[in-house]
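In: Turn this into a model:
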Amino acid sequence: MKKLYFILCLFSTFFGVAQSKFEIKGKVVDATNYPLESATVFVNKVADSSLVEYAITDAKGEFVMQLRKSDEKLDLKIALVGSKDFVKRLNTFQGPLDLGTVVLEDDANLLGELIILTEAPPVRVKADTLEFNAASFKVRPDANVETLLKQLPGVDIDTEGTITVNGKTVDQILVNGKSFFGKDGKIALQSLPADLIKKVQVSDTKTRKEELTKQQAASENSSINLTIDEDKNTGYFGKFSGGYGTDDRYEASAIFNYFKGDRKLSFLGSSNNVNASGFSMDDVFDNMSGGRSNMGKGGAGGGSSSGITRNSMLGVNYSEPWFDGFENAGSYFFTNANNENRNRTEQINLLADGNFTTLSERESESETNTHKFDYEIEYKINPTTSIVVNPSLESNSKNAMDVSTQKSIDEDGALLNENASNSRTGTDSFNFSNSINFNKAFGTKGKLLSVDFTNKNQKSDSETRLNSETYFYNDTDPDDIRNQYQKDRTNTDLYSLSAEYLQPVADSLKLKFSLEYNSAQNVTDNKTFDFDAASASFNSINQEQSSYMSSLVHTVSPGAGFIIEKSKTRITFNAGLNISDYSAFSDYINVKTNLDRDYVLPSVAANYRYKPSRGKNFNVRYRYNTSLPSARQILPFEDLSNPLNTIVGNPDLDVSRNHAIGASYNNYNATTKNGWSVNASMNYYDKTIISIYSYDENRKRTTTYTNVDDTYNISLGGNWSKSVKRDAHNFRYGIGLNNNYRFNKGFVNTDFYDARLLTIAPRVYFSYDYGELLTIRPSYSFNYNITNYENYRVNSVSNNAHRFNIETTSYWPNNLVWGNDFGYTYNSNIADGFKKDFYLWNTSVAYYFFEKTLLAKVKVYDLLNQNLGNTRTVSETSIVDQQNTVLKRYVMFSLTYKIDRFGGKQQSKMKGAPKGEGGQRPDGGQRGGGKRPSGN
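Out: Now for the predicted structure:
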């Protein structure tokens, strides 16, 4: 009874809080009474300038926001670029408030209780950019940029690290307009402190052509640009961490940044044997994400993907404009990865004349060294002309050892074949890619000439020492014993030269003309030598397992189209031809085969986008694509390198033809802090290339290729989320759903079948933040897969997986941090001998010393010692259950030390003028969002 009373009191308090909120509403117009869209309306406490609530005016200039009663003095403020900012003092707030119509004046003589605002609003809309003032969103003093982003309305970061803003995926993160260890921004989010950031700017991702001609972005993705506070743009900061634990587990990482105006130099390094492949500076979980982040990935896996890896990394990033108009930025990485894994697999192969099961075990070790260098040079010759050069070099060296056993049995348990192999392989590869982009805009707005050259050159050489024994038990195939040395070389050279011209013919209409040339050459040279006992050397070439294969494609692609751009609408259409000269060559057992084909194939692309207002976006797209068969698919020689699978090409293959149709709608309401999105897509294949499998009595496979018609793939997904703030309480919750339906056709042992694959994957998530003291983030996802067959031995195969995760972080009492990450995974229908479910619980306790410059931490990975690496994969022709080595429980103690030294200007101590805003408008000129529309 006492518990019931407590719960009733709790709910009564909750609803009492909700019911004590009252509306503040109004309408914002200019001096001509024209409604002003995208003005920021926000309420601050007078005592400490902390943000209470805010809203953005809609297309009608109207806004509504809800506030609780307050006896404190509040300032209600309205800001819009190009207008005088102002504030209305509220001595108390006790009930609904209707401001009526508020006129934003350009006149400096403001009357009554309206005063000039001297601080930046929390959110500002500038043309196509949404700008957040970082100082308005409180985070812990030690928080990183990722924590800051999680506080911004409309921003969501899922368990996989994917960032969305108002339902649109972020594909680029820049720092002061430049990449920081890559444009994905992962290192910037983890390593840069939140208090370094002045503004977070969100805009549609644009190409350089679109930036130069001030076109609307064609991309459906968003970019985030982090601008650094001027007071902290000169100085250095860094973080150094090291830890050691049970089972000789260790991790260490360091990052040091030196900023001096526009010059930015950063160094980082890390080393660990806890499966962290990247760089992490997470103060709570460190590199425990090596298991934690995979909770939601394919199959039932919750641990690291394959085996245990020791990773070491060194990197440097540099950016600086050398002179006016000339900017350059580059990065270099060295990585060393050592992986060890034990794999156990049970694969059921579905055949019309009887299934068979393949059981295998494999032990593998590998070491990979990688050097990667990226550079970008941009030279703005004048305001209308620019050239960008972007070279990239990558060198890899890998040594691998593999020992495996495999056997296949029929439905009665009778042995069909078995194989044992032992191999050692050394591989050296080198990749060079480069792009040169020249853009010239002319006097007429929107007129542009663009020339692009790209190349991609890849070379790989490998040497393998192989011992293999394969036995067949139905007397139809001879046993296969190999003691061999293999030498393989692959070369790929791709070159592209294109020109594009845009010609405006009206204010909203541009014609587009393009011409592109592509050259693609691929060479594969495989040589196999058998061991000669007489000479005790590998000097006898095995002609049946050696081959040479190459292909060369020259393609010329003329095209034309148009672009229609209005204030709310963008329509693009492009059509052209791909005129290809395709040649393929093979040399196998001294038999040379040449195949030459000429293709003239159409290409069509169309897109329609409608943006009725800020936060709403409707998009429809269509593509007609074609793809040529590869040399391996079209050349008719036999590949006998695998004793259990012979591959034969088909010279009669036709090209693949695909219609891709998609639609999406995003709707985010800044006033109510909720948004939803829905997307649908369909890929219909007039003709596609599939693999045909046939098995003999020993279940030795032969693979070839054919065309099938009329297959398709349909996807449908959606997401809804909402944010609620009540004083120190912040709630975020949402639901998501992804569905996929595929209709495929195939052949097994000359038997034709249809397969219909359905995937349903809903997700529910919630987060709660209590000020800077507590964070709770539970989530649940369900994945259901079913495949239905026609003309097949089985009617259907299904599988489902449940995943629950809850992450909690407590920052109380002061200087103490306690984090927990608990997950449960369940996978149905997994094979006998593979555990269906497991728990994964990671926890850490940390304490800050010396004004939070030193952090001491104890953490436990996999506290319950239950982590598993089990996965199930269902395809049209097989059901595969796997178990890989995963990281198990360990305890680790670590220390982290931070340095932070900045020069330059001192922060302003004036109340209401944080971060040096001083009431100045950086854009000065046009009024954002208040411009009258020119059309639909």
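In: Spatially nearest residue to the residue most central in space within the chain, not counting backbone neighbours?
Out: Centrality entry for the chain: nearest residue to the mean C-alpha point is residue 162, 5.2 Å, by CA atoms, centre = their mean. In space, and not counting its chain neighbours, residue 162 is closest to residue 169: 6.6 Å by CB to CB, 6 or more residues apart in numbering. (Each C-beta comes from the backbone N, C-alpha and C, glycine too.)
In: Name the SS class of the one you found, please.
Out: strand (DSSP: H, G, I helix; E, B strand; the rest coil).
In: ok, what's across the strand from it?
Out: residue 164 (DSSP bridges).
In: Am I right that it is in contact with residue 222?
Out: Yes - assessed by CB atoms under 8 Å, residue 169 is found in contact with residue 222 at 7.0 Å.
In: For the strand or helix carrying residue 755, which strands pair with it and how are they oriented?
Out: Using DSSP states H and E, residue 755 falls within strand 751-770. Note on strand 751-770: by DSSP bridges, its sheet partners are strand 729-748 (antiparallel), strand 774-790 (antiparallel).
In: that older thread, dump the residue contacts of the residue nearest to residue 162.
Out: Applying CB atoms under 8 Å, 6 or more residues apart in numbering to residue 169 gives the contacts 162-163, 220-222.
In: again, only using 7 Å
Out: 162, 221-222 (CB atoms under 7 Å, 6 or more residues apart in numbering).
In: how much space is there between it and residue 163?
Out: 7 Å (CB to CB, to the nearest Å).
In: Next: residue 576.
Out: 34 Å.
In: Could you export the contacts of residue 169 as JSON lines, including distance to residue 819, pLDDT and secondary structure?
Out: Listed next are these as JSON lines, based on distance: CB to CB, whole Å; pLDDT from 0 to 100; DSSP: H, G, I helix; E, B strand; the rest coil:
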{"residue": "162", "distance to residue 819": "22", "pLDDT": "82", "secondary structure": "coil"}
{"residue": "221", "distance to residue 819": "31", "pLDDT": "81", "secondary structure": "coil"}
{"residue": "222", "distance to residue 819": "29", "pLDDT": "86", "secondary structure": "strand"}
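In: Tell me if I'm right that residue 844 and residue 859 touch.
Out: Yes - counting by CB atoms under 7 Å, residue 844 does reach residue 859; the two are 3.5 Å apart.
In: what lines up beside the helix or strand where residue 124 lies in the sheet?
Out: Element membership for residue 124, per DSSP H and E: strand 123-126. Next to strand 123-126 in the sheet, as set by DSSP bridges, lie strand 129-133 (antiparallel).
In: What about the chain, which residue is the most distant from its middle?
Out: The chain, farthest from centre, CA atoms, centre = their mean: residue 534 at 56.1 Å.
In: Helix, strand or coil: sort out that one for me.
Out: coil.
In: how about it, phi and psi?
Out: phi -60, psi -40 (degrees, to the nearest 10).
In: same question, residue 696
Out: phi -90, psi -170.
In: So which of the contacts of residue 169 is the closest to residue 658?
Out: Nearest to residue 658 among the contacts of residue 169 is residue 221, at 22.0 Å by CB to CB.
In: Isn't that closest one up against residue 171?
Out: Yes - the criterion here is CB under 7 Å, and residue 221 meets it with residue 171 at 4.2 Å.
In: Name the residue in those two with the higher neighbour count.
Out: residue 171 (17 against 14; other CB atoms under 10 Å).
In: how long is stretch 206-225 from one end to the other?
Out: By CA to CA, to the nearest Å, the extent of stretch 206-225 from end to end equals 12 Å.
In: How much space separates the residue nearest to residue 658 when sequence neighbours are not counted from residue 575?
Out: Nearest non-adjacent residue to residue 658, counting by CB to CB, 6+ apart: residue 625, 4.7 Å away. Going from residue 625 to residue 575 by CB to CB gives 13 Å.
In: Repeat that for residue 687.
Out: 20 Å.
In: now stretch 132-149: mean pLDDT?
Out: Stretch 132-149 shows a mean pLDDT of 83.
In: So residue 576 and residue 163 - more neighbours on which side?
Out: residue 163 (22 against 19).
In: thinking that one is in contact with residue 170, fair?
Out: Yes - when contacts are counted by CB under 7 Å, residue 163 is listed as touching residue 170 (4.1 Å).
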